[in-house]
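>>> Pasting a predicted model and its sequence here:
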Amino acid sequence: MAAPPARLAAATANLLGKVMRGGVADLRPVPRVLIDHGPNRSVYRLTSGGQAPDGPPVLLVPPLAAPALCFDLRRGCSLAEHLVDGGRRTYLVDYGTVAFSDRRLGIEHWIEEVLPRAIRRVSEDSGGQGVHLVSWCLGGIFSLLTTADQPDLPIESVVTVASPFDFTAIPLVAPFRPLVDLTGGHLLTPFYRVLGGAPSYLVSRVFRATGLHKEITKPLAILKNLDDRDYLAQIEAVDHFMDNMAAYPGRTFGQLYHRFFRANDLAEGSVDLNGRMISLSRVKVPTLIVAGENDTIAPRAAVERLTGLLENAPEVRFETAPGGHLGVLTGRKARGTTWRYIDDFHAAQL
């Protein structure tokens, strides 16, 4: 432990940084070049001033509603930066903002149009190589549904981090099930239809509520760790992430609510999207599944269910790592756990 004078000096410097410079976190994004653009789709090639990238490309796939900066939270704690600095050809798909005019877009829009086009463009940009998908939360569900639905896509492997496939195993939603059943599933239907989906401000508040105890104790935690610059930077970066939440389109939210939450279709390995049945048994690429040890949104049991659904994948790895829903992807401990799992998994595919 640092001596008291050293801690005092560090705390003073950090306090000045927060007051005079607006914070201590380096929120500069990894440099990027736009290589493709379309409805709800901007595809970027991430760049570095260091060594030239090598090997097959990695495409980072975010969920809906959460900003794509989940993969690039801050300098020093950015999976995107880690991959680029490691010499990987790294790409990111960003869905942009969701407007009221997008309310009729369903899940099939992302798995039939957005992701396939992004994957093909990344493959083309990297000389026709197969693409390795790295996804978080709902992005993992979309990635696997896309892989199952379009086996001709140049997909080499899939990594899912904190992606729930059994919604009955999520304690947070368990209390609402009796009310949902009592109302025949129409508890939320009028609201998302009127609003055109789930607005960004509501998504942000719900996400914060899942870690309410941390929100309440945050001021005390900041004071207690005022000398720890990395700790303070992480809090600032997470707050920045929360402030940039996007909305869910109405039809997509309805499908998530009725097909995933109410019917729990994913737990059985298949889902009916607008009369189109997609089965995860059609996934035939190596898959890494990572669950957060302290994740209340996608707890281990909800994530681990996927291991029994990929019966035709040549390899299925399951790992756990410290952290909550966001922390398992880009928390400070993820640097030595989740990121290492991804590196090792990709190395085995080469």
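Arrived safely, thanks for sending. Since we're looking at a predicted model, the values are computed, not measured.
>>> quick one: the helices in the stretch 101-250 of the chain?
Here the stretch 101-250 of the chain has its helices, by DSSP state H, counting those that start in this stretch, at 107-109, 115-125, 138-149, 177-182, 189-195, 200-209, 212-224, 229-242, 250-255.
>>> tell me the average confidence for the fourth one?
In other words, helix 177-182. Summarised as a single mean, pLDDT over helix 177-182 is 45.
>>> same check, this time on the shortest one
Average pLDDT, helix 107-109: 92.
>>> Same check on the second one?
This predicted structure assigns helix 115-125 an average pLDDT of 98.
>>> Buried residues in that helix, which are they?
115, 116, 117, 118, 119, 120, 121, 122, 123, 125 (16 or more other C-beta atoms under 10 Å). The C-beta positions use only the backbone N, C-alpha and C, and glycine is treated the same way.
>>> Quick check: which ranges of the protein have low pLDDT?
Residue ranges of the chain with pLDDT under 70: 1-3, 5, 8, 11-21, 50, 100, 172-218.
>>> again, only using 50
Along the chain, segments meeting pLDDT under 50 span 1-2, 174-183, 185, 191-192, 194-196, 212.
>>> In it, which residue is most central in space?
Centroid-nearest residue in the chain, with C-alpha atoms, centre = their mean: residue 136, separated by 2.7 Å.
>>> Looking at strand pairing, list the partners for that residue.
residue 161 (DSSP bridges).
>>> Ok, residue 38 next?
For residue 38, the beta-bridge partners under DSSP bridges are residue 41.
>>> Now for it, how many residues are close by?
Residues lying near residue 38 (other C-beta atoms under 10 Å) number 12.
>>> okay but it is in contact with residue 117, surely?
Yes: using C-beta atoms under 8 Å, residue 38 is in contact with residue 117, at 6.3 Å.
>>> What about the nearest residue to residue 121 once chain neighbours are set aside, how many residues nearby?
Excluding the flanking residues, the one nearest residue 121 by C-beta to C-beta, 6 or more residues apart in numbering is residue 36, at 4.1 Å. As a burial measure, residue 36 scores 18 neighbours (other C-beta under 10 Å).
>>> doesn't residue 36 fall inside a strand?
Yes: under DSSP: H, G, I helix; E, B strand; the rest coil, residue 36 falls within a strand.
>>> Just list the residues touching it, thanks.
If a contact means C-beta atoms under 8 Å, 6 or more residues apart in numbering, then residue 36 has 42, 43, 117, 118, 121 as its contacts.
>>> Tell me the one of these nearest residue 161?
Nearest to residue 161, judged by C-beta to C-beta, of the contacts of residue 36 is residue 118 at 18.2 Å.
>>> Show the end-to-end separation of stretch 25-33, please.
Terminal residues of stretch 25-33 lie 23 Å apart, using C-alpha to C-alpha, to the nearest Å.
>>> Distance from stretch 146-156 to the middle of the chain?
Offset of stretch 146-156 from its chain centre (C-alpha atoms, centre = their mean, to the nearest Å): 20 Å.
>>> wait, doesn't the residue nearest to the centre of the chain sit right on residue 164?
No: the pair residue 136 / residue 164 is not scored as a contact, 11.6 Å apart, by C-beta under 8 Å.
>>> Can you get me a residue count around residue 42?
Residues within reach of residue 42, counting by other C-beta under 10 Å, total 17.
>>> no, scratch that, I was asking about residue 335
Neighbour count of residue 335, defined by other C-beta under 10 Å: 15.
>>> Next, the buried residues of stretch 299-307.
Of the residues in stretch 299-307, 299, 300, 302, 303, 304, 305, 306 count as buried by neighbour count, 16+ other C-beta under 10 Å.
>>> do you know how far the second one is from residue 234?
So that's residue 300. To residue 234, residue 300 is 23 Å away according to C-beta to C-beta, to the nearest Å.
>>> likewise the third one?
In this structure, residue 302 lies at 25 Å from residue 234, with C-beta to C-beta as the measure.
>>> One more: the first one?
As defined by C-beta to C-beta, residue 299 lies at a distance of 22 Å from residue 234.
>>> With residue 225 instead?
From residue 225 to residue 234 the distance is 10 Å (C-beta to C-beta).
>>> what about these two, which has more around it?
Legend: neighbour count by other C-beta under 10 Å for residue 225 and residue 234, higher for residue 234 (22 against 16).
>>> Enumerate every residue touching the more buried one.
Under the criterion of C-beta under 8 Å, 6+ apart, the neighbours of residue 234 are 25, 73, 74, 77, 331, 332.
>>> can you check residue 269 too?
By C-beta under 8 Å, 6+ apart, the residues touching residue 269 are 279, 280, 281, 309.
>>> give the contact list for the second one.
It refers to residue 280. Residue 280 touches 144, 145, 148, 266, 269, 270, 306, 309, 310, counting by C-beta under 8 Å, 6+ apart.
>>> and which of those residues is nearest to residue 320?
Closest approach between those and residue 320, by C-beta to C-beta: residue 306, at 13.3 Å.
>>> That closest one reaches residue 160, doesn't it?
Yes: if you go by C-beta under 8 Å, residue 306 and residue 160 touch, sitting 7.0 Å apart.
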